[in-house]
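**Q** make a model of this:
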Amino acid sequence: MDMLSNRNEKILQILYRANGFVTSHEIAEQLGISVRTVQYTLRDLEDWARKEQVRLEIKPKLGIRLLDKEKVVDFFTQTAEQNENFLSGETRVWISILSVLNGIDGTRVVTLMQKFQASKTTVLKDLAKAESYFEERSLKLQRTRNGLLLPLEEKARRKEMLEVIHRNFPVEALAEYIFSSDYTLVSHSGNERQKAIWNFFDMHKLKELKEGMYYILEALGMQFGDMAFIDNLLWVLITLGRVQKGQYLPRDEKADPDRFPTEYRVVQETIQSLEQKYRLQFPEQEVRYLAYRIAVSQKAGNAEAGSRCFVNEFLEILNDICRKEFNRSLSENPEVVQNLKIHLQMALQRARYGITSYNPLLDKIRTQYPMSYLISETAAHSFERQKQVQLSADEVAYIATYVELALGELEERENSKIYRAVVVCSMGFATSKILSLKIENEFPNIRVIDQLSVALIPRYDFTAIDLVFSTVDVRVMLAKPMLLINPMLTGEDVRRINEYLLADSGEKLKKMQYQQILELLNRKEATDMDEVVRGIRSIMGITGEESKLKTLLELMPQKFCQAGVEAETWEEGVWIAAEPLIREQYIRESYICEIIRVNREYNNFYLMGEQLSMPHAAPSAGVLRLAFSMATLKKPVKVPVRNGKTAEVRVILILAAVDTKQHAGALEEVADIFDRQDAVERLLNSQSSENLYKVLQEISGNFLDAEMKKTEDTKW
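**A** Below you'll find the model as predicted:
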């Protein structure tokens, strides 16, 4: 397939993820570009789709929909090395070969489609290439219900596997195969898992490595369970393959030998024997990191980051935060949780083996899903403190998308009531069934759970029923609302049902609002009439003058603004920007210490735009009251960003939020306010705190005008 521009590829990804039509406005919002640009770009995408015979459906007012998703999967698979979203073709073929040699139920087309996230056509092509490999070696595969089978004895199959691995098997594919293996196919016990791994490598070849591992344990007086033993053994194996190819780990501050001198000394002795055995030279950082892993394994016992135990523990941390902040549990959405478990197992394995994951949507996810990102980030930090496994900002962003999906669907489910209905019809089963289907097709929030005849009404239990539809005038008093409709469901019937649903939802909203107002008035602290009025206006959805923009300005008075200050480093800039909040006792110094620690450790300075940053930490680190402060710098300072790169910053915002809800709301608000043309430039041109505050008022005022206009447009 022909290549696409980066923007068209992103649009194609949006269409692929969507379940139906997507409008130009929705695409523009997700990509942060204008609607006109989207419409112009879509012309190129339509030309590409016609050429590649990928069907797109375009309807006025509804938008655009992708019909041939399987062909798009093929396209993304072929360009895997560019977008890093899928495994490369070479890796998939080698994994298929290894699956055949291992003799497990892993070469079924459906299994490989799930493992590779590839289409059926792509998987069949990969298996054909795998068959060609065996044919070149005069080995005939058998096709069975469970996939491809190599009819060799175990010893001969293992010998063949060793030749594959040691001669030309890519280390990346081997690591991917190990990480994605489902060990439940073997057994839950550690001993059986050990046997499964020995199917990958010759036991005699492992002898030297096993003896080295036993020497380490004996010298340190340590004991590993099977899982931790295998875990470190696999690490050494993958390290050997990586060093052979000249690929080394970057230096890691946490792998400081001064923190675990005994482990470092023993590992050094073991590595020396491996160097002699395999004629390799291990870089110092590899030795240090292995010592660090041994020390962590001793601390963590039998724990294993990729095991179900660790995945479940991470989910528990995530759930606790969601329950605390939203009074909701992710487990209420089991489908999303199951997919998140699969992702977490791979993510934790990647983190453990030092495999980097690049998320091209990191900045977008931070800005558009601030609450979900903050929840995921807090969970990741907590998990690292407990298990010494660090997830990168890119991995956190991927997790945030699952959290956003789960919470979003729960909110949608709560906000849209599902009506359970029965149909009473005297014209037979077929007519009743057709009428039920018509009702459900016309009204997605109605579920017809039963069809009744008139004779069954007196004996039927209507307790769990919300609504009754009847084609005859029933002379029976029911405790549930009943609507008389035509067996053919006419347009008039649809109008009347719609009127009922609208009236019912409005009545329920009023009841809920009245209940909230009563609760507000019954509170002991509700003695301030202004406070009571503000509470009632909030419950009734009356914004009036209570704009969130004014709230932001109130939170950042002029005395919290500093213009044109001098700072040599980003740390100094953060301290200067935070000084008013510390002085006025809005935050403790510990909060700034935590900001600096987090950003040093994760190289993750929170950039809100060009030259604008808002570094942050967990509110529990020392926030006392809600407030903002800002400082503009005379000269830019370099700040760390992901992948070891740096960026220049001249505007530093400090947010003091007492909980994650305030924190996430502030992130979204700041992103909206400063996403205005020349906003940052105007701040930087301010020569005094008075001028800086005035510019901030003007920027906020412009944003408020735009929001009010948007509201008026929506009303019309």
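**Q** buried set for the longest strand anywhere in the chain?
**A** Counting residues, the longest strand found in the chain (DSSP state E) is strand 627-640. Using 16 or more other C-beta atoms under 10 Å as the test for burial, strand 627-640 gives 627-633, 636-637, 639-640. For glycine as for every other residue, the C-beta is placed from the backbone atoms N, C-alpha and C.
**Q** with those residues in mind, which one is nearest to residue 383?
**A** residue 640 (21.9 Å; C-beta to C-beta).
**Q** how close does the closest one get to residue 471?
**A** Noted for residue 640: a distance of 70 Å to residue 471, by C-beta to C-beta, to the nearest Å.
**Q** repeat for residue 58
**A** Taking C-beta to C-beta as the measure, residue 58 falls 40 Å from residue 471.
**Q** those two: which has the busier surroundings?
**A** Between residue 58 and residue 471, residue 471 has the larger neighbour count (other C-beta atoms under 10 Å), namely 20 against 11.
**Q** got phi/psi on that one?
**A** phi -90, psi 0 (degrees, to the nearest 10).
**Q** do the same with residue 616
**A** phi -150, psi 170.
**Q** all helices for the stretch 601-716 of the chain, in order.
**A** In the stretch 601-716 of the chain, the helices defined using DSSP state H, counting those that start in this stretch lie at 660-674, 679-684, 689-715.
**Q** now do the stretch 301-450 of the chain
**A** 308-326, 334-352, 362-368, 370-387, 393-415, 429-442.
**Q** name the helices or strands packed onto the second one?
**A** Contacting helix 334-352 under the criterion 3 or more C-beta pairs under 8 Å, 6 or more residues apart in numbering; DSSP states H and E are the following elements: helix 171-180, helix 308-326, helix 393-415.
**Q** and the second one with helix 370-387, angle?
**A** So that's helix 308-326. 140 degrees (axes from the mean of the first three to the mean of the last three C-alpha atoms, to 10 degrees).
**Q** buried set for helix 308-326?
**A** For helix 308-326, a neighbour-count test (16+ other C-beta under 10 Å) marks 310-311, 313-315, 317-319, 321-322, 325-326 as buried.
**Q** average pLDDT for it?
**A** Average pLDDT, helix 308-326: 81.
**Q** show me the contact partners of it.
**A** With C-beta atoms under 8 Å, 6 or more residues apart in numbering as the test, helix 308-326 has contacts from 303-304, 328-331, 337, 340-341, 344-345, 348, 371, 375-376, 378-379, 382-383, 386-387, 389, 399, 403, 407, 659-661.
**Q** just the buried ones out of those, please.
**A** For these, buried by 16+ other C-beta under 10 Å: 303-304, 328, 330, 337, 340, 344-345, 348, 371, 375-376, 378-379, 382-383, 387, 389, 399, 403, 407, 660.
**Q** what's around the residue nearest to residue 453 when sequence neighbours are not counted, how many residues?
**A** Distances taken as C-beta to C-beta, 6 or more residues apart in numbering place residue 426 nearest to residue 453, at 6.5 Å, with adjacent residues excluded. The number of residues packed near residue 426 is 15, by other C-beta under 10 Å.
**Q** low pLDDT regions in the stretch 101-250 of the chain?
**A** Counting by pLDDT under 70, the stretch 101-250 of the chain contains low-confidence ranges at 102-107, 114-118, 145-146, 154-155, 157-159, 161-234, 237-238, 241-242, 244-250.
**Q** switch to 50 and redo it
**A** Along the stretch 101-250 of the chain, the parts satisfying pLDDT under 50 run over 105, 171, 179-204, 225-227.
**Q** lowest-confidence helix or strand of the protein?
**A** Across the helices and strands of the chain, the lowest-confidence element by mean pLDDT, DSSP states H and E is helix 190-198, at a mean of 40.
**Q** hey, where'd the strands end up in the protein?
**A** All strands of the chain, identified by DSSP E, fall at 56-59, 63-66, 142-144, 147-149, 419-424, 446-452, 467-470, 482-484, 561-565, 607-609, 611-613, 627-640, 646-656.
**Q** redo those strands as a markdown table? Include distance to residue 394.
**A** Shown next, in a markdown table, are those (distance: least, C-beta to C-beta, whole Å):
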| stretch | distance to residue 394 |
| --- | --- |
| strand 56-59 | 30 |
| strand 63-66 | 26 |
| strand 142-144 | 40 |
| strand 147-149 | 33 |
| strand 419-424 | 43 |
| strand 446-452 | 41 |
| strand 467-470 | 48 |
| strand 482-484 | 53 |
| strand 561-565 | 32 |
| strand 607-609 | 14 |
| strand 611-613 | 18 |
| strand 627-640 | 15 |
| strand 646-656 | 16 |
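**Q** related to what we said a few turns ago, list the helices and strands the longest strand of the chain packs on?
**A** helix 548-555, strand 561-565, helix 570-583, helix 589-602, strand 646-656, helix 679-684, helix 689-715.
**Q** try 6 Å
**A** Counting contacts by 3 or more C-beta pairs under 6 Å, 6 or more residues apart in numbering; DSSP states H and E, strand 627-640 packs against strand 561-565, helix 570-583, strand 646-656.
**Q** quick one: which of those is nearest residue 136?
**A** strand 646-656 (49.3 Å).
**Q** what's the average pLDDT for that closest one?
**A** Strand 646-656 comes out at a mean pLDDT of 89.
**Q** in that strand, which residues are buried?
**A** Neighbour-count burial for strand 646-656, with 16+ other C-beta under 10 Å as criterion, is recorded at 647, 649-656.
**Q** quick check: the farthest pair among those?
**A** Greatest spacing in the buried residues of strand 646-656, by C-beta to C-beta: 647 and 656 (23.8 Å).
**Q** how much space separates residue 558 from residue 659?
**A** The span separating residue 558 from residue 659 equals 26 Å under the rule C-beta to C-beta.
**Q** so how many other residues sit close to the nearest residue to residue 70 once chain neighbours are set aside?
**A** The shortest distance from residue 70 to any non-neighbouring residue, by C-beta to C-beta, 6+ apart, is to residue 119 (4.3 Å). Neighbour count of residue 119, defined by other C-beta under 10 Å: 19.
**Q** so residue 119 is in contact with residue 69, correct?
**A** No: contact criterion C-beta atoms under 6 Å: residue 119 and residue 69 do not qualify, at 8.5 Å.
**Q** re earlier: out of the buried residues of strand 627-640, who's nearest residue 687?
**A** residue 632 (9.7 Å).
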